[in-house]
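Trainee: Below are the sequence and a predicted model for it; my questions follow.
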Amino acid sequence: MKIGIVCYPTFGGSGVVATELGINLAERGHEVHFITYERPVRLDVFRGNVFYHEVLPFKYSLFKYTPYETTLAGKMVDVAINEQLDVLHVHYAIPHASVAYLAKQILKSKGITMPFITTLHGTDITLIGKDPALKPVVEFSINNSDGVTAVSNFLKDATYENFTIDKDIEVIYNFIDFEKFAKTDKDHFKKAIAPDDEKILVHISNFRSVKRAEDALYIFQKVMKEIPSKLMMIGDGPERAKLEILCREIGLCDQIRFLGKQGAIEELLSVSDLFLLPSSNESFGLAALEAMALEVPVVSSNAGGIPEVNVDGLTGYLCEIGDVDCMAQKAIHILSDTDRHATFRANAFAQAQTFDVKKITPQYEALYERVINATVPA
Ligand code: GMT
């Protein structure tokens, strides 16, 4: 198949999922065309059947805002015609689903049929999408997609609760590529971060308020009173400056490393002992799955779709949002006994295997085929 993929090219979860899916589809023999405003961060190796079409900003003195949606629609139409796409798959509803609808109508007026699939990722539904300023457009574009998927049952239910939806939403979970996320011997990293063999706790996010990254610091503060440990804070975002101030206020800057955005996450996870995900909302929690793929147990909040990934008492623990005492106590419980820690590590890995990309990509392929076959020619 010839598949167009539209996503945010950044470190955000939806962009990572879209890029990894495109790469996997290409490895399975499909031709994949990424349509984005920048090269996606994880699209870092040349492949013969992967193409990247950049949406360039259109500037004109009359415009206060660059008309991104219009140029994106134009690029979708151009790629669909010239590359003869069979299907377009847009990730994150805003604005990609409504723009895909516009592109589809333009193509229809030219006698070209191009179905599109929308994958809902989380905040496009739970946070931003339900804002009255955006809701009618999000609702319309979901109802007019040829196929709709959500990355968890929680997100599917939230979509039906927040919008009037007359479409079937299929749950296709996020996934992990075990060829990329394989444990590597990074002992020199471990020595650099934890020279006295301390336990390494890790939090990875885009440091937006929804991640409650400050809770990771409070949890760590309690854990390190019982267990010699270090905390790696990976990623960047609007809350980072406040977190660095907090780290100074609680006097733990020697124990906490802010590493910023990192490319080879798997190398840092290879030396980690426990992952902290205290988010107030999370449709899936891809970062937790990536940790589990590297045998790192997870202590998290029980928000949104996280329980569909992190199984309480098996792969880690779930506590109420904001209950840092509970999360610290569970972290200590896991880390304080070597055999118990090893069992949690093994369980986390086994659970991650249920999300193997090799099991998930065929679900998208089947959906593409169903949608293409069901589409009436223009
Ligand atoms: O908030 C983020 O982490 C970014 C956001 C996105 O859309 O890029 O992530 C959402 O999509 C990820 C991939 O499907 C999910 O793993 C995250 O749980 C989800 N974030 C939220 O729901 C807050």
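Mentor: Received, thanks.

Trainee: Near the ligand, which residues of the stretch 51-200 of the chain are found?
Mentor: Within the stretch 51-200 of the chain, the positions adjacent to the ligand are Tyr92, His121, Gly122, Thr123, Thr126, Val151, Asn174 by C-beta under 6 Å from any ligand atom. (Each C-beta comes from the backbone N, C-alpha and C, glycine too.)

Trainee: Can you tell me which of those lies closest to the ligand?
Mentor: Set against the ligand, the nearest of these by C-beta to the nearest ligand atom is Gly122 (2.4 Å).

Trainee: unless I'm mixing things up, Asn206 is touching Gly12, no?
Mentor: Yes - contact between Asn206 and Gly12 holds when scored by C-beta atoms under 8 Å: they sit 6.2 Å apart.

Trainee: And the strands in the stretch 251-378 of the chain, which stretches?
Mentor: 256-260, 274-277, 298-301, 316-319 (DSSP state E, counting those that start in this stretch).

Trainee: Glu170 sits in which helix or strand?
Mentor: If you go by DSSP states H and E, Glu170 is part of strand 169-171.

Trainee: Contacts made by that strand with the rest, please.
Mentor: Outside strand 169-171, the residues that touch it by C-beta atoms under 8 Å, 6 or more residues apart in numbering are 120, 147-153, 155-156, 159-160, 363, 367.

Trainee: Check which residues of it are buried.
Mentor: Using 16 or more other C-beta atoms under 10 Å as the burial criterion, the residues of strand 169-171 that qualify are Ile169, Glu170, Val171.

Trainee: Tell me which other helices or strands the helix or strand that it is followed by touches.
Mentor: Counting by DSSP H and E, the next helix or strand C-terminal to strand 169-171 is helix 187-193. Packing contacts for helix 187-193, counted by 3 or more C-beta pairs under 8 Å, 6 or more residues apart in numbering; DSSP states H and E, involve no helix or strand.

Trainee: Can you dump the C-alpha atoms of the next helix or strand after helix 187-193 in PDB for me?
Mentor: Where DSSP H and E defines the elements, the next helix or strand beyond helix 187-193 is strand 199-204. What follows is strand 199-204, C-alpha atoms only, in PDB (Å, rounded to 0.1, in the frame of the first residue of the first chain):
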ATOM      1  CA  LYS A 199      19.500   2.800  42.500                       C
ATOM      2  CA  ILE A 200      18.500   4.800  39.500                       C
ATOM      3  CA  LEU A 201      14.900   6.200  39.300                       C
ATOM      4  CA  VAL A 202      13.800   7.900  36.100                       C
ATOM      5  CA  HIS A 203      11.100  10.100  34.800                       C
ATOM      6  CA  ILE A 204      10.700  10.900  31.100                       C
END
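
Trainee: Would you mind listing the outside residues contacting the helix or strand following strand 199-204?
Mentor: Per DSSP H and E, the first helix or strand lying C-terminal to strand 199-204 is helix 213-226. Contact with helix 213-226 is made by 199, 201, 203, 205, 207, 229, 231, 233, 239, 242-243, 246-247, 250, 252, 255-256, 276, 278, 299, 322, 324-325, 327-329, 331-332, 335-336, as judged by C-beta under 8 Å, 6+ apart.

Trainee: so which strand or helix has Ile4?
Mentor: For residue 4 the amino acid is Gly, not Ile. Using DSSP H and E, Gly4 sits within strand 2-6.
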